[in-house]
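Enquirer: fold the following.
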Amino acid sequence: MSAGGTGSRRLLARNRNFRALMISSTFGVFGNAVAAVALPVIAAVELDASDFAVAALAGMTFLPWLLFGLLIGVWVDRLPRRPVMLAALAVRVLVLALLPLGYWLGFLTTPLLFAAAFVAGVASVFFQLADAAVVQQAVTADELMEGNGLITGWGAAADAAGRSMAGWLTSAVGASNTLMVQLATSVVSLVSLRRLDVAEVVQPQSDRRILQEMSDGLRYTFSTAPLRAILLNAALWNLGGNIAASLLVVLVLRTLGESEVWLGLLLAAASVGGAVGGTTANSLGERFGSGPLWRWSMVPGVIGYASLLVITPGWGMLWGVLGMFVMGASVAWNIVVGSSFRQRVCPPGMMGRLGAASRMVSWGMLALASLLAGVLAETIGVREAVVVGVVIACLAPLVALLGPLRGVRRLEDLVEAPEPDARSGASRNS
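Expert: Residues are numbered from 1 along each chain as shown. Got it, this is the predicted structure:
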């Protein structure tokens with residue numbers, strides 16, 4: 001919680017490091033939003049890929065979390081995070097630049113598209129783990145809810161703008177050419193991060209084996225009831241919700257026969273909802289308690305995804321726009337509260353491994369969901385696969401409402417997260 005209700009303007013004005021992270025994050029999210037729309041449209045329209053391939057493509061950016069998340073988390077804890085973030089952004093720029101180049105020169109193929117998405121996903125693992133660790137050190141513990149709310153809210157607004165623009169650009173200039181926007185925003189993020197100057201906390205170099213440190217991170221992630229409940233809630237939501245989300249392109253462009261413009265509006269509505277959720281999370285948490293906010297956040301989210309089952313061509317798409325807005329706000333409330341709690345209780349030298357282990361489970365579900373969505377679409381149909389996703393997503397709020405945190409009003413008052421093993425302690429490295 002923000003002590004004394006510190007205003008967002010004051011936080012941005014007085015904290016140069018937080019301001020640099022905000023600029024980098026906002027432009028990065030904008031570019032990623034453009035790519036998130038462009039990549040499946042490249043597969044569906046320019047390469048005429050199968051429904052399975054279009055749905056599975058979304059999982060390629062998340063599969064690295066499942067395969068390499070823990071290992072990369074160890075490296076992030078051992079290295080200064082700023083150089084890691086800069087290198088990850090540079091790799092992402094180079095890899096995604098291959099796609100418009102391949103389109104212009106005629107060598108763009110579905111395997112190349114999958115490979116580029118996977119390598120860009122690996123770079124994102126490095127970047128996001130380092131970014132979460134730096135945010136923890138750029139603000140005070142009492143500013144975490146406020147800082148994460150601002151980053152989530154501004155990021156969601158940028159995501160909305162990026163997806164709306166991408167929906168129009170893919171129709172106007174082609175999906176591959178639209179990726180040039182993502183390349184430009186990545187350069188802005190690089191420039192902003194060069195201004196970052198944080199006294200970083202990294203794990204001291206030791207002769208401990210990487211497997212031992214990976215085990216430490218996984219064990220710490222499941223060490224307390226709050227951490228376990230937050231992780232299970234996120235995993236179930238990502239598994240169910242991403243089955244529906246992975247099929248959105250196929251549902252809109254093929255099943256309903258609508259244009260990329262409506263696709264962009266649906267995705268943008270979710271992001272606008274996320275902006276509202278991110279910017280209101282801190283005040284709602286102060287008013288109602290972070291515990292109730294986290295527990296009830298996914299209930300309207302399920303209803304939002306269920307709206308995809310009733311959309312029809314034309315003005316009937318507006319039901320989906322409204323539902324995706326509600327879903328976006330719900331997810332933002334959940335993310336802000338959950339991530340702030342983890343950052344508050346986790347020692348800085350363990351942050352990379354905690355983030356890696358948590359996202360290996362929760363974001364690994366995104367990869368599995370995309371593959372499952374593709375299989376379901378081919379076997380039982382697109383709309384029926386969305387139904388399966390919504391049913392699974394319903395389990396997430398049940399875990400929150402009936403689980404071990406059902407009576408907790410302020411999650412930030414829980415201090416039962418254990419200290420890490422003495423062998424993996426942290427030291428300050430300026």
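Enquirer: and the pLDDT at the residue nearest to the spatial centre of the chain?
Expert: Nearest to the geometric centre of the chain sits residue 363, at 8.0 Å (Cα atoms, centre = their mean). We have a pLDDT of 76 for residue 363.
Enquirer: got it, and residue 280?
Expert: 88.
Enquirer: about what we covered before: what sits against the closest residue in space to the residue nearest to the centre of the chain that isn't next to it in sequence?
Expert: Nearest residue to residue 363 in three dimensions, chain neighbours excluded: residue 65, at 4.2 Å (Cβ to Cβ, 6 or more residues apart in numbering). All C-beta atoms are positioned from the backbone trio N, CA, C, and that covers glycine. Taking Cβ atoms under 8 Å, 6 or more residues apart in numbering, we find residue 65 in contact with 121, 125, 356, 359, 360, 363, 364, 366, 367.
Enquirer: now do residue 193
Expert: Contacts of residue 193 (Cβ under 8 Å, 6+ apart): 20, 24, 82, 85, 86, 89.
Enquirer: checking my notes, the fifth one in a strand, right?
Expert: No. Inclusion of residue 86 in a strand is not indicated when DSSP: H, G, I helix; E, B strand; the rest coil is applied; the result is helix.
Enquirer: now the closest residue to it other than its chain neighbours. Its backbone dihedrals?
Expert: Nearest residue to residue 86, sequence neighbours excluded (Cβ to Cβ, 6+ apart): residue 193, at 5.7 Å. The phi/psi pair for residue 193 (degrees, to the nearest 10) reads phi -70, psi -20.
Enquirer: picking up where we left off before, mind checking the SS state of the residue nearest to residue 363?
Expert: Reduced to three states by three-state DSSP, residue 65 is helix.
Enquirer: any chance you could map the helices in the stretch 301-430 of the chain?
Expert: Using DSSP state H, counting those that start in this stretch, the helices of the stretch 301-430 of the chain run over 318-345, 351-362, 364-379, 382-393, 395-402.
Enquirer: who are the packing partners of the shortest one?
Expert: In this case it means helix 395-402. On a contact count with 3 or more Cβ pairs under 8 Å, 6 or more residues apart in numbering; DSSP states H and E, helix 395-402 meets helix 225-246, helix 290-296, helix 298-306.
Enquirer: same question, the first one
Expert: For helix 318-345, the helices and strands in contact under the criterion 3+ Cβ pairs under 8 Å, 6+ apart are helix 110-138, helix 144-172, helix 225-246, helix 260-288, helix 290-296, helix 298-306, helix 351-362.
Enquirer: what of the third one?
Expert: Here helix 364-379 touches helix 51-60, helix 63-78, helix 225-246, helix 382-393, going by 3+ Cβ pairs under 8 Å, 6+ apart.
Enquirer: what's the first one packed up against?
Expert: Judged by 3+ Cβ pairs under 8 Å, 6+ apart, helix 51-60 is in contact with helix 16-41, helix 110-138, helix 225-246, helix 248-250, helix 364-379.
Enquirer: roughly how far out does that helix sit from the chain middle?
Expert: 17 Å (Cα atoms, centre = their mean, to the nearest Å).
Enquirer: and the angle from that helix to helix 225-246?
Expert: For helix 51-60 against helix 225-246, the angle by axes from the mean of the first three to the mean of the last three Cα atoms, to 10 degrees is 150 degrees.
Enquirer: pull the residues that contact helix 51-60.
Expert: Against helix 51-60 from outside (Cβ under 8 Å, 6+ apart): 39-40, 43-44, 49, 110, 113-114, 117-118, 121, 242, 245-247, 249-250, 254, 366-371, 373-375, 377-378, 382.
Enquirer: extract the CA atoms of it and return them as PDB.
Expert: Extracted C-alpha coordinates of helix 51-60, given in PDB (Å, rounded to 0.1, in the frame of the first residue of the first chain):
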ATOM      1  CA  ASP A  51      -6.300 -22.900 -37.400                       C
ATOM      2  CA  PHE A  52      -4.000 -25.000 -35.200                       C
ATOM      3  CA  ALA A  53      -0.900 -23.000 -36.400                       C
ATOM      4  CA  VAL A  54      -2.600 -19.600 -35.800                       C
ATOM      5  CA  ALA A  55      -3.600 -20.600 -32.200                       C
ATOM      6  CA  ALA A  56      -0.300 -22.300 -31.400                       C
ATOM      7  CA  LEU A  57       1.700 -19.300 -32.600                       C
ATOM      8  CA  ALA A  58       0.700 -17.400 -29.500                       C
ATOM      9  CA  GLY A  59       2.200 -20.000 -27.300                       C
ATOM     10  CA  MET A  60       5.700 -19.700 -28.900                       C
END
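Enquirer: which stretches of the stretch 251-400 of the chain have low pLDDT?
Expert: Within the stretch 251-400 of the chain, the segments meeting pLDDT under 70 span 349.
Enquirer: the same query, at a cut-off of 90, please.
Expert: Filtered on pLDDT under 90, the stretch 251-400 of the chain yields the residue ranges 253-255, 257-283, 285-286, 289-291, 314, 335-371, 374, 378, 399.
Enquirer: what are the buried residues along stretch 135-155?
Expert: 135-139, 143-155 (16 or more other Cβ atoms under 10 Å).
Enquirer: and stretch 385-403, by the same measure?
Expert: Those would be 385-390, 392-397, 399-400, 403, for stretch 385-403 by 16+ other Cβ under 10 Å.
Enquirer: identify all contacting residues around it.
Expert: Counting by Cβ under 8 Å, 6+ apart, residues outside stretch 385-403 touching it are 229, 232-234, 236-237, 239-245, 247, 251, 294-299, 301-302, 305-306, 308-309, 369, 373, 376-377, 380, 406.
Enquirer: tell me how far residue 45 lies from residue 298.
Expert: Per Cβ to Cβ, to the nearest Å, residue 45 is found 33 Å from residue 298.
Enquirer: if we can go back for a sec, single out the most deeply packed of the helices of the stretch 301-430 of the chain.
Expert: helix 351-362 (a mean of 27; mean count of other Cβ atoms under 10 Å).
Enquirer: isn't residue 124 right up against residue 61?
Expert: Yes. With contact defined as Cβ atoms under 8 Å, residue 124 reaches residue 61; the gap is 6.5 Å.
Enquirer: compare those two (neighbour count), which wins?
Expert: residue 61 (26 against 22; other Cβ atoms under 10 Å).
Enquirer: look at the more buried one and report its pLDDT.
Expert: Confidence score, pLDDT, at residue 61: 80.
Enquirer: what of residue 13?
Expert: 66.
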